[in-house]
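Peer 1: I would like the atomic coordinates for the input below:
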Amino acid sequence: MQVDAELNGTVTLDRDGVKEFLNTLHYPLYFLDFETFYNEPIPPFDGTRPYMKIPFQYSLHWIEKKGGKLNYCDFLAEAGKDGREAIARQLAELIPDNGCVLAYNMTFEKDAIGALADCFPKYRERLLRINENIKDLMVPFRKRHYYTKEMKGSYSIKVVLPALVPELTYEGMAVSNGDDAVQAYKRLMDAEDPKEIAQIKKDLLEYCKLDTLGMVRLLEKLRRLGCKMVTDLFLN
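Peer 2: As a prediction, the model looks like this:
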């Protein structure tokens, strides 16, 4: 392991660890994040069970090839309606079999996709292939391949992102974490004022979008850190 101390010991960088992680990735490259209901004792929709994670929103950024443009799409279920089949269908259509999918703390996304595969057999094969191709962007930070004092001992994206990419932060957002997202969606289900409905939707979409855009920028940061040791990080 090669560890480089920089900035008077305030940053620790394991270039070999960064390189090892980056070499597991390939194009086309997708960045996925879900927002879900959870800990609900009363199933909200047919075909759901108590305490089941039920996705109501996703954000997806992707890059099809090295040097390609950054693409984006998202989905937010209509208030009070089961959006799971729409999410399953869209992901099956958007993410190809050879797509490399990045999530942050991938267990959450893998569980959600696995549940969608179980509920919607029509998309099961495609969804399970997506699951097979998911990589966890949290790994190099959890393993401290890159660590800075601004991370304060945490590897949550809510801390890592503003520490490494200061221009991107959750601070001051109306929806700034998963619990906020669930509560906002519940308010959306009860809201009647069109302006309030529009604002809640805007807040939810901006929050989920920041999660995947943040992953894009974090990966760019890791690539810059590792580029001194890697000629081409992404080989087909």
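
Peer 1: Give the residue spans of this structure that score low on pLDDT.
Peer 2: Residue ranges of the chain with pLDDT under 70: 1-9, 226-236.

Peer 1: Would you state the strands of it in chain order?
Peer 2: 3-6, 11-14, 29-37, 54-63, 71-76, 100-103, 134-136, 146-148 (DSSP state E).

Peer 1: CA-only coordinates of the longest one in CSV, if you can.
Peer 2: In this case it means strand 54-63. Below are the C-alpha coordinates for strand 54-63, written out as CSV (Å, rounded to 0.1, in the frame of the first residue of the first chain):
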residue,chain,number,x,y,z
ILE,A,54,-40.8,1.2,-1.3
PRO,A,55,-39.1,3.5,-3.8
PHE,A,56,-41.1,6.5,-4.9
GLN,A,57,-38.3,8.4,-6.6
TYR,A,58,-35.0,8.0,-8.4
SER,A,59,-32.2,10.1,-9.9
LEU,A,60,-30.0,8.8,-12.7
HIS,A,61,-26.9,10.4,-14.3
TRP,A,62,-24.9,8.6,-16.9
ILE,A,63,-22.0,8.8,-19.3
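
Peer 1: Could you give the separation of that strand from the chain centroid?
Peer 2: 7 Å (CA atoms, centre = their mean, to the nearest Å).

Peer 1: cool, the third one as well?
Peer 2: Taking the mean C-alpha point of strand 29-37 and that of its whole chain, the gap between them comes to 4 Å (CA atoms, centre = their mean).

Peer 1: Residues touching it, excluding its own?
Peer 2: Contact with strand 29-37 is made by 44, 52-63, 91, 94-95, 99-104, 108-109, 112, 134, 178, 181-182, 185, 204, 207-208, 211-213, 215-216, 219, 234, as judged by CB atoms under 8 Å, 6 or more residues apart in numbering. No exception for glycine: its C-beta is placed from N, CA and C like everyone else's.

Peer 1: about what we covered before: can you tell which of the strands of the chain is closest to residue 197?
Peer 2: Among the strands of the chain, the nearest to residue 197 by CB to CB is strand 71-76 (11.3 Å).

Peer 1: Please enumerate residues in contact with that closest one?
Peer 2: Residues outside strand 71-76 that contact it (CB under 8 Å, 6+ apart): 56-64, 83, 86-87, 90, 94, 201, 204-205, 208-209, 212-213.

Peer 1: Tell me which residue is most central in this protein.
Peer 2: The centre of the chain sits closest to residue 33, judged by CA atoms, centre = their mean, with a distance of 3.2 Å.

Peer 1: Name the nearest residue to that one, ignoring sequence neighbours.
Peer 2: Nearest residue to residue 33, sequence neighbours excluded (CB to CB, 6 or more residues apart in numbering): residue 211, at 4.0 Å.
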